[in-house]
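1. have a look at this prediction, sequence included:
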Amino acid sequence: MNILPALQPILADLTERFDTRIEAVQAPRPNEVYFQAQMELVPGFCAQLYKKWNGRLVSLFADDARAQTGAFHLYYVFALDAVHGFFILRVPVSAAQPQFTSLTNALPAVNWQEREIQDLFGLRLEGHPNPRRCALHDDWPEVYPLRKDFDLHTVLPPFTGERHKFREVEGEGVFQVPVGPVHAGIIEPGHFLFSVAGEPVLYLQIRLFYTHKGTEKLFENIPVTHGVRLAESISGDSSFAHATAFCHAVERAANVEAPPRARALRTVCLELERVYNHVGDIGAIATDVAFVVANAHAMRLKESVLRLNDQLTGNRLLRGMAALGGVRFDWDPAQIKAIRSFIAALRPDFESLVALIRESSSTRDRLETTGILKPETAHDLGVVGIAGRASGVDHDLRRDFPHAAYDGLNFTVPVYREGDVLRRMQVRIDEVQAALSIIEQIISTLPDGPTRVGVPTLPANQVALGYVEGWRGEIFHWIRTAEAGRLARCKIKDPSLQNWPALSEAILGNIIPDFPVVNKSFNLSYSGTDR
Amino acid sequence: MFEILRKSLATGIVTTRYPQVPAEVSSQARGRPEIDFANWRDARPAVAACPTGALAAEDGGGTRTLTLDLGKCTFCGLCADADAAIRMTNVRELAARRKVDLVTTAKYELSPGGAQQKLLGPQPSALNPQPPSLDAIGAELKARVDKVLGRSLHIREVDAGSCNGCEMEIVGLNSPVYDVERFGIHFVASPRHADMLLVTGPVSRNMELALRKTYDATPAPRLVVAVGACGCSGGIFGQNYASLGGVDKVIPVDVYIPGCPPNPHALLHGILLAVGRLRK
């Protein structure tokens, strides 16, 4: 079995400890190792990887493989960041007795993911502290959309009954403030129910999945090539990152690697996506504490990135650029020059914007110690990306699992421990600076050669994990292939799904008027969560 | 404070100044596809390449009917990659009052091999050959708003299941670069204050009720603008168990703005069309 040497000791430890209870081990790729076992092994396997090997469960999902093996499969994807590998545990769930054991009490990070499996696959959760519906709203009929016997085009009966069941919060002087799903600003829909006593928030319940569009099911009904375009629409502000994660998964399943120049171009696009979103967010955070001038500058800078995107890829959100086996468009010297002059202009402009914000003591006063997410909470909830790095969670797939052309680049991953809005903004500032340097490094050593290789039609039942560090955090796409260039399953893991519960923690004790700025400092994707 | 002023002065005016200066649209930018109908020989590869069904073929009785529906098109350009008769233009201001105005149809006689032999009927004409400039749109819009509404145009944006791409561009309308407030357009926080709903997304099943309620809360006369491929037709999501397939499946729509997402010019162009409709 060809696996990374650094993974060998961990594999040896697991096989020794669990012996015959591990039924099979396969490594379709050196950093992606699959284990087969029964459900009863899950808690022990998970504990061993967490406690002894500093692993973390980055994705948990189900797959309806009743046609192949007569059972549903659950996949527990563990990232071993220090040794750059993924261990994936697959356990069957009998079709006759569709239920599985919850890990949420030991591992709050999987709370929403477990409930989503219960909702979309109809696998009943055992031992979950809060097994209410999550992905399907309360007024949905008893349907399991991701089961194979559910048709994508099923027409469901109209809404009846109660829409949402929220937990009651009682006490003297406690009242509730419902917000959404249609919000005051131009943002995505979701419902927030604040329970407050006076001004401070006691409890926040977040109801999402308003934008659920059947995306994962849709992936199973279209050709793989169209999947690239669908991936661009999972979360509009992460079009390129999601599409690239999808391409990465398909390429890995086919054992094809994008050529060096394509990987370089991908890296530039990923960093441009990071820059325009981070700059926009920095401005939006400033707006939410009434520093409107800073936002005007930030929006101006963001517009300049969108125009560069248009010039480089034909679309302001970088859509149409991603392609299986590489990228769709190569750049000529004039376009490379445009990138160079863009960075030369943006850097001083951005630095002076940062200086404006830094020197505004009233802004700092509003951002510092606001919306604190403690490092322990962030760790327990498995918070990733910007929000994680502002709360001491030192993970970045660009460094720990180099993809695209990140291997060999010189950049640092900013990590703070204070976990407040100020630090979430500071992570963005640091990352914009790093991104500009990364783009410069890439274009000064841009390899020649093709920008795309062919990806053969895949045989059925190949599995692969694709991954990209998007601007929000880590994005995973896991696929299982079907016949004739189709997919049997495409599991999308947006970092937002992992981070939403952390927002409920970070807002506690803060006042409702600070919610917009705390929310913006996380800036999580609704569509990426709801799919 | 001094630094704030200094930076503002050093930055100067960044707001777009059409028509005094030419529109800055990259030559690489992809907009409406243009089809050479007379020399179109075999549309099948392009139809197969289209991810949204915007380009569709129907064969029967020795003929093939081809439709290009801009309401479904995401301007990805994959059809143009597959077919030399198709070329991507950078024209993006494509809003229409009626959905049928977004559809071009051509009928061909087929050869036994399945290729298109002869175009039947006249050459289909392209939509909006000369898009107006942003300032021209804006000036006309302001005049119409003044005349019809006697005040500024208040817009409530509703995300009915969008991917957030359209929101990104709608927010951009408020940036100093586009600065729609100079035309009297103002985004408001409540439908009760709105003259117009700008609706994005294919309308997810979970947003249907919220969209209806928002519409009911908007005082008449009210306008509804469907934004983006999803808003116009369901886009790449189409119609499925969780997606209703477009804004007009739920509430009446006055204007459709194609694009994935439509850029700020295209949005403003569509808003103008909708206000023009109010006058009638």
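-> Arrived safely, thanks for sending.
2. please count neighbours and contacts with C-alpha atoms only from this point.
-> Noted.
3. show the subsequent helix or strand relative to the lowest-mean-pLDDT helix or strand in chain B.
-> Across the helices and strands of chain B, the lowest-confidence element by mean pLDDT, DSSP states H and E is helix B:134-148, at a mean of 64. Downstream of helix B:134-148, the next assigned helix or strand under DSSP states H and E is strand B:153-159.
4. what lines up beside that next one in the sheet?
-> strand B:185-187 (parallel), strand B:196-200 (parallel) (DSSP bridges).
5. and those strands as TSV, adding mean neighbour count and distance to A:Trp112?
-> As requested, those are exported to TSV (neighbours: other C-alpha atoms under 10 Å in any protein chain shown; distance: least, C-alpha to C-alpha, whole Å):
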stretch	mean neighbour count	distance to A:Trp112
strand B:185-187	21	34
strand B:196-200	27	27
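6. pick out the shakiest of these, pLDDT-wise.
-> Lowest mean pLDDT within those: strand B:185-187, at a mean of 92.
7. got the contact list for the residue of the stretch 1-150 of chain A found nearest chain B?
-> Residue nearest to chain B within the stretch 1-150 of chain A (C-alpha to the nearest C-alpha): A:His137, separated by 7.5 Å. By C-alpha atoms under 8 Å, 6 or more residues apart in numbering or on different chains, the contact set of A:His137 is A:163-164, A:209, B:206.
8. ok, those residues vs A:Arg274, which is closest?
-> Checking the contacts of A:His137 against A:Arg274 by C-alpha to C-alpha gives A:Phe209 as the nearest, at 24.7 Å.
9. what about that closest one, how many residues close to it?
-> A:Phe209 has 23 neighbours, counted by other C-alpha atoms under 10 Å in any protein chain shown.
10. could you find the closest non-adjacent residue to it?
-> Sequence neighbours aside, A:Asp530 is the residue nearest to A:Phe209 in space, at 4.3 Å (criterion: C-alpha to C-alpha, 6 or more residues apart in numbering or on different chains).
11. quick revisit: ranking the contacts of A:His137 by neighbours, who comes first?
-> Highest count within the contacts of A:His137 by other C-alpha under 10 Å belongs to B:Asn206, 26 neighbours.
12. so that one: helix, strand or coil?
-> Classification of B:Asn206 by DSSP: H, G, I helix; E, B strand; the rest coil places it in helix.
13. any idea how far it is from B:Gly161?
-> The spacing between B:Asn206 and B:Gly161, counted by C-alpha to C-alpha, to the nearest Å, is 8 Å.
14. circling back: want to try a markdown table for the contacts of A:His137, with pLDDT as columns?
-> A markdown table is the format used below for the contacts of A:His137 (pLDDT from 0 to 100):
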| residue | pLDDT |
| --- | --- |
| A:Arg163 | 72 |
| A:His164 | 77 |
| A:Phe209 | 94 |
| B:Asn206 | 92 |
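15. can you pull out the helices in chain B?
-> Secondary structure of chain B (DSSP state H): helices at B:2-11, B:44-49, B:78-82, B:134-148, B:165-172, B:208-217, B:228-233, B:264-279.
16. mean pLDDT lowest where, among these?
-> Taking the mean pLDDT of the helices of chain B, helix B:134-148 comes last: a mean of 64.
17. show me what contacts residue 236?
-> With no chain named, the answer covers chain A. A:317, B:163-166.
18. nope, chain B
-> So B:Ile236 contacts A:230, B:51-52, B:72, B:229-230 (C-alpha under 8 Å, 6+ apart).
19. so how far is A:Phe121 from it?
-> For B:Ile236 relative to A:Phe121 (C-alpha to C-alpha), the value is 24 Å.
20. who touches stretch A:503-510?
-> Applying C-alpha under 8 Å, 6+ apart, the set of residues contacting stretch A:503-510 is A:199-206, A:370-374, A:377, A:515, A:518-519, A:522.
21. give me phi/psi at the residue in the stretch 301-450 of chain A that chain B sits nearest to?
-> Proximity to chain B, evaluated over the stretch 301-450 of chain A using C-alpha to the nearest C-alpha, is greatest for A:Gly314 at 3.9 Å. Backbone torsions for A:Gly314, taken as degrees, to the nearest 10, come to phi 80, psi 0.
22. quick one: residues contacting the closest residue to it other than its chain neighbours.
-> Nearest non-adjacent residue to A:Gly314, counting by C-alpha to C-alpha, 6+ apart: B:Ala29, 3.9 Å away. If you count contacts by C-alpha under 8 Å, 6+ apart, B:Ala29 has them with A:310-311, A:313-315, B:89-90.
23. now stretch A:178-193: average pLDDT?
-> The model assigns stretch A:178-193 a mean pLDDT of 91.
24. what's the end-to-end length of that stretch?
-> 4 Å.
25. got it, and stretch B:181-196?
-> Start-to-end, stretch B:181-196 (C-alpha to C-alpha) is 15 Å.
26. what does stretch A:256-264 give?
-> 16 Å.
27. other residues contacting that stretch?
-> Contacts for stretch A:256-264 (C-alpha under 8 Å, 6+ apart): A:251, A:325-327, A:404-405, A:442, A:446-453, A:455.
28. how about 6 Å then?
-> A:325-327, A:404-405, A:447, A:451 (C-alpha atoms under 6 Å, 6 or more residues apart in numbering or on different chains).
29. do stretch A:516-526 as well
-> Contacts of stretch A:516-526 (C-alpha under 6 Å, 6+ apart): A:285, A:288, A:371, A:421, A:496.
30. so which strand or helix has the last one?
-> Secondary-structure assignment from DSSP H and E places A:Ser496 in helix A:495-506.
31. skip ahead from that helix and say which helix or strand is next.
-> helix A:515-522.
32. send me that next one as CSV with only the CA atoms.
-> Output of helix A:515-522 as CSV, limited to C-alpha atoms (Å, rounded to 0.1, in the frame of the first residue of the first chain):
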residue,chain,number,x,y,z
PHE,A,515,-24.6,41.6,16.4
PRO,A,516,-24.1,42.9,12.9
VAL,A,517,-20.4,43.6,13.4
VAL,A,518,-19.9,40.3,15.1
ASN,A,519,-21.8,38.5,12.4
LYS,A,520,-19.8,40.3,9.7
SER,A,521,-16.5,39.5,11.3
PHE,A,522,-17.4,35.8,10.8
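33. could I get the average pLDDT for it?
-> For helix A:515-522, the per-residue pLDDT averages 95.
34. what angle do that helix and helix A:495-506 make?
-> Using axes from the mean of the first three to the mean of the last three C-alpha atoms, to 10 degrees, the inter-axis angle of helix A:515-522 relative to helix A:495-506 is 140 degrees.
35. centre of the chain to helix A:515-522, how far?
-> 18 Å (C-alpha atoms, centre = their mean, to the nearest Å).
36. quick one: which of the contacts of A:Gly236 is most hemmed in?
-> Neighbour max across those (other C-alpha under 10 Å) = B:Cys163, 32 neighbours.
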